Every structure is written in C-alpha cells, then in structure tokens.
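Participant: Predicted model follows, preceded by the sequence.
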Amino acid sequence: MKVLLTHGYFLQEDPKEQSIMRPYPPLGILYVAAYLEQNGINAEVFDSTFSTKDALKERLLADPPNYLALYVNLMTKLNVLDIIQFVKSTPSLKHVPLIVGGPDVRYNAESLLTNGADYLVIGEGEMTALELIQALEAGEDLKDIEGLAFLGQDGAVHTTTERTKVKAIDQIPFPARDKIDLQQYLSVWQEFHGQSTVSISTMRGCPYTCKWCSRGVYGLSYRRMSAERVVNELEFVNKTYQPDSFWFVDDVFTVSHKWLKEFRDELQKRNVKVQFECITRADRLNEETIGLLKDSGCFRVWIGAESGSQKIIDRMDRRVDVNKVRDMIRLSREKGIEAGTFIMLGYPGETEEDIEETINHLKVSNPDHFTITVAYPIKGTELYQEIESDMLTDLPWETSTDRDIDFVRTYPRRYYDFAVRRVVNEVNYHKKVANGQQRSMGAFNLKLKSTAAKMGMWWERSKIKRSASVE
C-alpha cells in the first residue's frame, strides 16, 4: 500500500514569491508522512514547489498511488481543485481515494466534497489520516474516526466528532524532510540571500484572538514541544543538511518565558550552535526575553503590530499597546537583534489618519524590515463574519479564493494600492534622511514616489465625493 502526499503549490505560478525567493518546504504533509511511516504505511511526497502541475499529473499516471492526500489552503485551493478534477476524470485514477486536509477544509467542507474530494481531514492531520487509511483498508465504518468529513450514501455531508488534539506533541516524529529534495530549498536561499535556511516548528496553535487570523487547524490551543525535543531536531538537521540558519514558523515563539529559558539552557548545555529568526508579540517581550533570544542565537525577530493606530489594533482584537510594540522593536535592535514587523492596511474602519499614524509608527520604531498586506477576510474568521454582509464580490467558489473577496471599506479598493506605495516609499525615505542621505538621488526618488502615491490616494478618495455629488 502506498500513500502519495502533495500540496499543490507551484513556485513558477507565484510571481510575488519569485521576486523574493524565500520558499519553505511543506512541513504539514512532511509531519503526516513521517507519522504514517512510523505506523507502517508507505508514504511518498510529491513536492510541487519546484515542479509543475503537468509533472504531478504524469507522476500520478505513471505510478498511481493507493491513496492521494492533498494539502489545501487559500493559495493552493484552485490548483488542488484542478488536481482533484484530473484524478476523477481519468479512468486509470478515478478509483484512487482523495484525502484533503489543511486550513481551508474546516469551513469549506461541503464545497470540497461536492467538487470531488472523498474524505476531509479536519484539524490536526496525523492521527486522522492514519486511522482513516487503516479503516478503509480494513473495510471498517468511518463514523468513529475523529476529525473526518465525507459524503454519505444519502448525499449529505457527514462530519464526525472533533479530533482530540495531541497533548504530548513530543511523540510526533520529526517531519520527513528526507521525502523531498531539501537541497533545492537550501540552494535557492543561498543563491538569493547568501545563506541557506530550514524551517522548523516547536509549537501548535496560538492562544490569541486576532480577528483576521485563521484557526482552522489548531484552534486556540497552545501545545509546545519540550526544549530537549526541539534541540534534538535542530541538532539532527544541522548534522544532516548543514543549513546556515533556521526559521521558526511558530505564531508566537516567546509565548512562554519559562520554555524560552529552558531552550536557551538546553542549547548551551549541549553546545548546539544555531542562528534563527522567529515571530512574536510585543507583550511577550521584555529585556530579559530579548536577552534569552540573543543568547539562543536569534538574529532577527518579527514583532507583530499590523497597524500604528491603536484604534485599528483594538478593532483587530490584537490586545497589545502600540507603544509597547515600538519600545520592543527599538530594544531588540539596541540588543543586537534585527527587528521586523508586519503591517496590514485596509482593515474595516481604517481612515487616512490611521494610515498616517502607521507611517509615523514605522518612522519612530524604525524596524530593519517591514512587510505590508491589504486586509482580506478568510472564511471562518471573525473578520469574515463582520464584513460578510458588506461584501462587494459574489464570485463562484470553484474559481476564486478568499483573497479575491472585496468588501465595503472606508475608501475604494484601489486607494489601498496607492497607500501601500505611500507607506513603503515614505518610510524608506525617512530611513535615508536618518542616515544623512537626504540629498541622494535615492532619497529624491523615494520622496517623489511617496508624493505620487499620496496624490493617487487623494484621487481615489475624491471619487467618493464625486460619486455622492452625482447622486
């Protein structure tokens, strides 16, 4: 028996990622593959990142698996649907059971099942996938398998009880990185960024309640691998692949100060040397924790902010003080750790004054790096529920994703494209000035772009008045 797992993400179809070239392996299906193998099931992985959809289809035709497991999220949904349709419409493949899991499953169960998926793994995937395959092989009833959805003979969606979350996650084996060509990732990172990196997870879930964040897999849980288990994995990856650095994918790496100290102590006790970057929250940082990060090998910390306006932060239910965010960005840099931050524009209720506050926030805190997105609602989140009645789009589910959804905002959608340019160029201009380069051509170009973007914002904003006057 053979299970083939894949994820439907193709780098060649992602111009944005091609511009930054920071691809990461599909850890989720690598964990599932490792768990299946540990329990006696042959699991193979088709890593689509550096491949093509045609190559995946050729692989399926050449060597049909007994089961095909697909990971789906909002980025990969359309590709996954195409793969499902290909399997179901191909005589030599249509008998292959299709198992689909991932964050897009929980709130789109009926749509996925009616579009060809046979079984949905809802929530944590390892145990459900194993029990499902074992039951199918034995011809047993599926109703007692937790975390499962499927169409019954009556054509209705049958959903079993919620999957009990694994409490002792140390028992989960290391992700099966040997199932993919990890060297491709290391080489890309080395070529484009001068150092290779490997992603690693130390926890599952997030205890915070940000309204825009999807919790479709782990919910509000917080479960942490022991420091010893994490250092074991770091040591193994170091010896096997020799990466230059690590990226901890955890939502809030410093959520437990006690764990962070244990982690630092374990690294030092075993003389394991690593360099890493991670994500955290300002309210889970202080001078001591920043020192622990530094001692552990952290060279860059990403501190969530999303906005420089406390009003918008509160609307997001971020539960953090913007002044604390600024203080921790500055303190991290003072202690020798690069600081990055995330910004989201276009959140419901945001005004131009709030955007200007965000610009000021970035100038004052002066992070080394910042990224900007325009808010979009993910199904199942509180943000989605809040704006559902104000949606401006009514797109077919089969041909669109949550990223295509637009809703009534303070200003027209095009306004926020200009706003992103305004923030990026104005803040980078400020950095030039702070470094004494205000007379450089680079500074002049940044200021010119910032001014042009501000004019674009004005033009889009004025459409509201022009439209009102016509009415």
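Facilitator: Yep, it's here.
Participant: ok, and the helix or strand in the protein with the lowest average confidence?
Facilitator: The helix or strand of the chain with the poorest confidence is helix 441-470; it has a mean of 88 (mean pLDDT, DSSP states H and E).
Participant: Let me know how buried residue 248 is, in neighbour terms.
Facilitator: Neighbour count of residue 248, defined by other CB atoms under 10 Å: 19. C-betas here are computed from N, CA, C, even on glycine.
Participant: Report pLDDT for the closest residue to it other than its chain neighbours.
Facilitator: Sequence neighbours aside, residue 278 is the residue nearest to residue 248 in space, at 4.1 Å (criterion: CB to CB, 6 or more residues apart in numbering). Residue 278 carries a pLDDT score of 98 in this model.
Participant: so which strand or helix has residue 278?
Facilitator: Residue 278 belongs to strand 276-281 when assigned by DSSP states H and E.
Participant: would you put the C-alpha positions of stretch 265-279 in PDB?
Facilitator: What follows is stretch 265-279, C-alpha atoms only, in PDB (Å, rounded to 0.1, in the frame of the first residue of the first chain):
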ATOM      1  CA  ASP A 265      19.900  26.400  28.600                       C
ATOM      2  CA  GLU A 266      19.500  23.200  26.500                       C
ATOM      3  CA  LEU A 267      21.300  24.700  23.600                       C
ATOM      4  CA  GLN A 268      24.200  25.800  25.900                       C
ATOM      5  CA  LYS A 269      24.400  22.600  27.800                       C
ATOM      6  CA  ARG A 270      24.800  20.600  24.600                       C
ATOM      7  CA  ASN A 271      26.900  23.200  22.800                       C
ATOM      8  CA  VAL A 272      24.400  23.300  19.900                       C
ATOM      9  CA  LYS A 273      25.000  26.500  17.800                       C
ATOM     10  CA  VAL A 274      22.200  27.900  15.700                       C
ATOM     11  CA  GLN A 275      21.200  31.100  14.100                       C
ATOM     12  CA  PHE A 276      17.500  31.700  13.700                       C
ATOM     13  CA  GLU A 277      14.700  34.200  13.200                       C
ATOM     14  CA  CYS A 278      11.200  34.000  14.700                       C
ATOM     15  CA  ILE A 279       7.800  35.700  15.200                       C
END
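Participant: for that stretch, which positions count as buried?
Facilitator: Within stretch 265-279, the residues that count as buried by 16 or more other CB atoms under 10 Å are 266, 267, 274, 276, 277, 278, 279.
Participant: which residues sit against stretch 171-184?
Facilitator: Residues outside stretch 171-184 that contact it (CB atoms under 8 Å, 6 or more residues apart in numbering) are 25-27, 30-31, 33-35, 37-38, 43-45, 47, 49-50, 126, 166, 198, 201, 233, 236-237, 240-241.
Participant: Let me know the average pLDDT across that stretch.
Facilitator: Here the average pLDDT along stretch 171-184 is 97.
Participant: Same check on stretch 290-309?
Facilitator: Mean pLDDT, computed over stretch 290-309, is 97.
Participant: show me where pLDDT drops low in this protein?
Facilitator: 465-471 (pLDDT under 70).
Participant: Kindly state the domain boundaries assigned to it.
Facilitator: 2-159, 195-375 (automatic domain parsing).
Participant: can you redo those domains as JSON lines with distance to residue 439?
Facilitator: Shown next, in JSON lines, are the domains of the chain (distance: least, CB to CB, whole Å):
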{"stretch": "domain 2-159", "distance to residue 439": "30"}
{"stretch": "domain 195-375", "distance to residue 439": "19"}
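Participant: Show me the one of these that comes nearest residue 404.
Facilitator: Ranking these by distance to residue 404, with CB to CB as the measure, places domain 2-159 first at 9.6 Å.
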